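1. one predicted model, sequence on top.
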Amino acid sequence: MKKTLLTLSIFSSVFGFAQENKDNKEATEKEKQIEGVVITKTKKAVEQKADRTIFDFSEQPSLNSGSLMEGVKKLPGLVVSDMVGMMYQGKPLDVYMDGRPLNMSSNELNAFLEGMPANSVERIEIITQPGAEFPATSGGAILNIITSKSAKNYLTAVYNGGYRFSDYDKYRSRFNNSLSLNSRNKWFGWQVNLGQYYRESLSLSEFDALSRNQSNSLGRTYYLNSAFTFDLGKDRLLLNYDINHNNGGSSVTVDQFLNEVTKSNLTSDSKGLRQEVAATYQKKFNDKNKKLDFKAIYTNSNSEFDQFGETSLNNSSLFNLYNFRVDYSQPLKILDEGKMSFGGLYDQQNFETKDGNLVNLDYTRQTASAYLEFQATLKKFDFIAGARAESYDITGVTRVLDDNGNVKQDNLNPFKKFKIFPNASVQYNLMKQLFVNINYNKKISLPSVSLLNPNNTVLRTETLNSSGNPNLQPTIYDNAEIKISAFDYAYIGYNTSWVKNQIVQKVTRENNLITNEQVQVNSIRTHNFNLGMPIPFMLFTTPFSELMKFNVNPDKMNLLYVYTGYQIQEMPDLKTKGFWIFSLMGQFILPKDIRLQANYNVIPKGGNFYYFEIEKPLNNALDITISKKFMSDRLNLSLYARDIFNQNKSVIVANSLGGKVFTSNKFDSRSFGISVNYKIPTKNKLAKEDPNMIKNTTQSDSNGGILQQGQ
């Protein structure tokens, strides 16, 4: 009985917040009618919808005080590591930005997220149940990064800056600065967000008893994001141009233990430039629930990597994407009420890699698709049913030099198929903000360019070799899920997938050479259990009768948020054990409205992730953030410490037919810093947010399968 009361009291606390929002909304409408003032609504830290979970970054100092990679790692249920890659509640994630796939190699993605300040992000949406509206290539789930693109009336300016350092064996600095300018008049609106990020980092790695490496890296990132919106009568035209430049290098000391101990020094330089242009035309109707959007995107990305020393590398890649899509939706009388959506997409990707002057991969992918989806409501039931038809044409060639210096060319295994991908979802609303959802969808994941890239490596020595696999084939998923969610914050769920041709990372050893490669497993079955629960501290100090009367905002109270997950992968050639994921977030409101937040994450040892055995706890880190607002909330100051006890270390054993390979990796993850957010005063004190400038977040195609190689 006590457990039941405890659960009810938790839900009632959050339910009070929901009721308070309703009352505030009614009061806001009355105030607007009487006085015409603007009311600013505080954003929820977490908002859970039927098909996605939304995490607010803009007002969460614990998330936005460092790099975006650091913020992402703190999201409950989301795991990022060099072994596990990036997944949410057991589902592998495709990474999007403002509704568009990043289409980056794993190393480029790592540098991009590490080089992007978290305070330049508005929110992150994790779409756990992508329906027919989303491309079938969206795979298990989508992580969509929504950048700060909201314009303001007249002119506003915001400065973001920060500095932090690590102290593993010496001080290493990281700092960022950015400026966001927004303006709007009666003809058009615009925003420019520009900034830079500088970082120094350390990585220590070990492979069996063959090699021990110490890498000191330096990276510089410069970026500019711009957005323009034009009102054309009732219609609207949105234009976006983004550019991101990375420039870095590293010096590596390699100790190799062969017949004798040898020491060598290697250096490397890397450069990357990514540009993207997008245009969206939104046709407006008298019925605001009716939508017709046309969208065109062009993306160009090129990278260079050079290694100097006993082993030399000269690699480069060029990526071009052309994407056009149309989406239409309108209300439709289905049961009590409903909606119909349909649309189409054409996408072409060209990817070329070079080893020196030799073009060793020439890859082309064309996708044409169309979808139709219906949504309906009947009393307490919500239904979604749809299907997506996609046609693929994937071709390419690889080239290598033989022993005589002649070029040998081979065709990639072509993939020319037409497939139908159905989806269905039923949601039963037990009561307000408490529902049960059952979902099924069929998806496909096309290998990412990083996995196809034969030059996908950041270090090559006599004992280490890493490369992509241009012959990887698409992966087919059949996903099923059941989930119970309550009040945006609490949930319990189970999902399972039947996977064909799953791409996995495999490390093998032959004599004195360790190889890191991507292989495919014909058939895998995965099981995932997830639980998330907020525990307000007032449960232990306030009588239950008082809690039932208490209206409170969970974002403004002392609480502990608990997440736990369990995943097991059934593989045909390996007996595996499941692994657990634990995440704790404590929020404390101190005197003077000072907020303290503590995050602890860990994956305990003992489980398997595909071919890897977890020897020591992964992602084992405790983070602390203290924040305070000053000057009528114009200045937000945060002090933070990451991985206070310096425990975040990856130690795993890779299984293979030839035996086991021991690997470990340690970064200078302990760091301390300060973050500043200052809204520069302007004359427009009553400026309000204008959603017209926010980028259209309709999803587009993804190449999926991105695995992160490091922090």
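-> That came through fine.

2. now do the buried residues in the helix or strand hosting Tyr392.
-> Tyr392 belongs to strand 381-401 when assigned by DSSP states H and E. Neighbour-count burial for strand 381-401, counted by 16 or more other C-beta atoms under 10 Å, picks out 382-390, 392, 394, 396, 398-399. No exception for glycine: its C-beta is placed from N, CA and C like everyone else's.

3. and stretch 261-274, by the same measure?
-> Residues of stretch 261-274 classed as buried by neighbour count (16+ other C-beta under 10 Å): Leu266, Ser268, Ser270, Gly272, Arg274.

4. for the fourth one, which residues count as its bridge partners?
-> Which is Gly272. Asn246, Ser303 (DSSP bridges).

5. let's have the chain start at 321 instead
-> Shifting the count to begin at 321 puts that one at Gly592.

6. residues touching it, list them.
-> Gly592 makes contacts with Glu428, Ala431, Asn564, His565, Asn566, Asn567, Ser621, Asn622, Ser623, Glu624, as judged by C-beta atoms under 8 Å, 6 or more residues apart in numbering.

7. repeat that for Lys949.
-> Asp913, Leu955, Asn956, Leu957.

8. strands along the stretch 471-620 of the chain, start to end?
-> Under the criterion DSSP state E, counting those that start in this stretch, the stretch 471-620 of the chain contains strands at 471-472, 474-486, 492-504, 508-527, 531-552, 555-577, 581-603, 611-628.

9. so which of the ones you listed is nearest Asn878?
-> Nearest of the strands of the stretch 471-620 of the chain to Asn878, taken as C-beta to C-beta: strand 474-486 at 26.4 Å.

10. before we move on, the earlier item: save the buried residues of stretch 581-594 as TSV, and put in pLDDT and distance to Asn497 too.
-> Below are those laid out as TSV (pLDDT from 0 to 100; distance: C-beta to C-beta, whole Å):
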residue	pLDDT	distance to Asn497
Leu586	90	32
Ser588	93	26
Ser590	93	22
Gly592	92	20
Arg594	93	20
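
11. in these, find the pair that's most separated.
-> Maximum pairwise distance among the buried residues of stretch 581-594 (C-beta to C-beta): 26.2 Å, between Leu586 and Arg594.

12. distance check, Ala690 against Gly664.
-> As judged by C-beta to C-beta, to the nearest Å, Ala690 and Gly664 stand 4 Å apart.

13. so of the strands of the stretch 471-620 of the chain, which one's packed in deepest?
-> Ranked by mean neighbour count, the strands of the stretch 471-620 of the chain are led by strand 471-472 with a mean of 22 (mean count of other C-beta atoms under 10 Å).

14. restricting to C-alpha, output stretch 722-730 in CSV.
-> Provided in CSV are the C-alpha atoms of stretch 722-730 (Å, rounded to 0.1, in the frame of the first residue of the first chain):
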residue,chain,number,x,y,z
ASP,A,722,48.3,-3.9,-56.7
ASP,A,723,51.9,-4.9,-56.0
ASN,A,724,53.0,-3.7,-59.5
GLY,A,725,51.4,-0.2,-59.0
ASN,A,726,48.5,-0.9,-61.3
VAL,A,727,45.0,0.3,-60.4
LYS,A,728,42.6,-2.6,-59.7
GLN,A,729,38.9,-1.6,-59.9
ASP,A,730,35.9,-3.5,-58.4
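
15. what residues does that stretch touch?
-> Counting by C-beta under 8 Å, 6+ apart, Leu678, Val717, Thr718, Arg719, Val720, Leu721 sit against stretch 722-730.

16. wait, the first one sits on Glu672?
-> No - in terms of C-beta atoms under 8 Å, Leu678 does not count as a neighbour of Glu672; the distance is 11.2 Å.

17. those two: which is more packed in?
-> Between Leu678 and Glu672, Glu672 has the larger neighbour count (other C-beta atoms under 10 Å), namely 18 against 13.

18. closest to Tyr760 out of the buried residues of stretch 581-594?
-> For the buried residues of stretch 581-594, the nearest to Tyr760 is Arg594 (35.8 Å; C-beta to C-beta).

19. surely the closest one is in contact with Asn545?
-> No - the criterion here is C-beta under 8 Å, and Arg594 misses it with Asn545 at 11.5 Å.

20. which ones are touching the spatially most central residue of the chain?
-> Closest residue to the average C-alpha location of the chain: Leu463 at 3.9 Å, with C-alpha atoms, centre = their mean. By C-beta under 8 Å, 6+ apart, the contact set of Leu463 is Val392, Leu398, Met406, Tyr408, Leu413, Asp414, Val415, Tyr416, Ile444, Glu445, Ile446.

21. next one: Tyr618 from Gly663, what distance?
-> Counting by C-beta to C-beta, the gap from Tyr618 to Gly663 is 20 Å.

22. residues contacting stretch 480-493, please?
-> By C-beta under 8 Å, 6+ apart, the surrounding residues in contact with stretch 480-493 are 385-386, 437, 439-440, 494-500, 515, 518, 520-522, 960, 962, 966, 988-998.

23. then it to CSV, C-alphas only?
-> Provided in CSV are the C-alpha atoms of stretch 480-493 (Å, rounded to 0.1, in the frame of the first residue of the first chain):
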residue,chain,number,x,y,z
ASN,A,480,27.5,33.3,-25.0
GLY,A,481,31.0,32.5,-23.8
GLY,A,482,32.8,30.0,-21.6
TYR,A,483,36.1,28.7,-20.4
ARG,A,484,37.1,25.3,-18.9
PHE,A,485,40.3,23.3,-18.3
SER,A,486,41.3,19.8,-17.6
ASP,A,487,44.1,18.8,-15.2
TYR,A,488,45.1,15.2,-16.0
ASP,A,489,48.8,15.7,-16.2
LYS,A,490,48.8,19.4,-17.1
TYR,A,491,46.3,22.2,-17.8
ARG,A,492,44.5,21.9,-21.1
SER,A,493,42.2,24.8,-22.0
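
24. mind checking how far stretch 610-621 is from the chain centre?
-> Centroid displacement of stretch 610-621 relative to its chain, using C-alpha atoms, centre = their mean, to the nearest Å, is 21 Å.

25. and if you look at stretch 596-613?
-> With C-alpha atoms, centre = their mean as the basis, stretch 596-613 stands 26 Å off its chain's centre.

26. before we move on, what about stretch 734-748?
-> With C-alpha atoms, centre = their mean as the basis, stretch 734-748 stands 23 Å off its chain's centre.

27. for it, buried residues please.
-> Phe741, Asn743, Ser745, Gln747.

28. in JSON lines: those, plus secondary structure and distance to Val971.
-> Output for the buried residues of stretch 734-748, formatted as JSON lines (DSSP: H, G, I helix; E, B strand; the rest coil; distance: C-beta to C-beta, whole Å):
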{"residue": "Phe741", "secondary structure": "strand", "distance to Val971": "39"}
{"residue": "Asn743", "secondary structure": "strand", "distance to Val971": "40"}
{"residue": "Ser745", "secondary structure": "strand", "distance to Val971": "40"}
{"residue": "Gln747", "secondary structure": "strand", "distance to Val971": "42"}
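
29. taking the residues you listed, tell me the two that lie furthest apart.
-> For these, and using C-beta to C-beta, no pair is farther apart than Phe741 and Gln747, which are 20.4 Å apart.

30. what about the residue nearest to Gly852 when sequence neighbours are not counted, how many neighbours?
-> Nearest residue to Gly852, sequence neighbours excluded (C-beta to C-beta, 6 or more residues apart in numbering): Tyr883, at 4.7 Å. Neighbours of Tyr883 under the rule other C-beta under 10 Å: 20.
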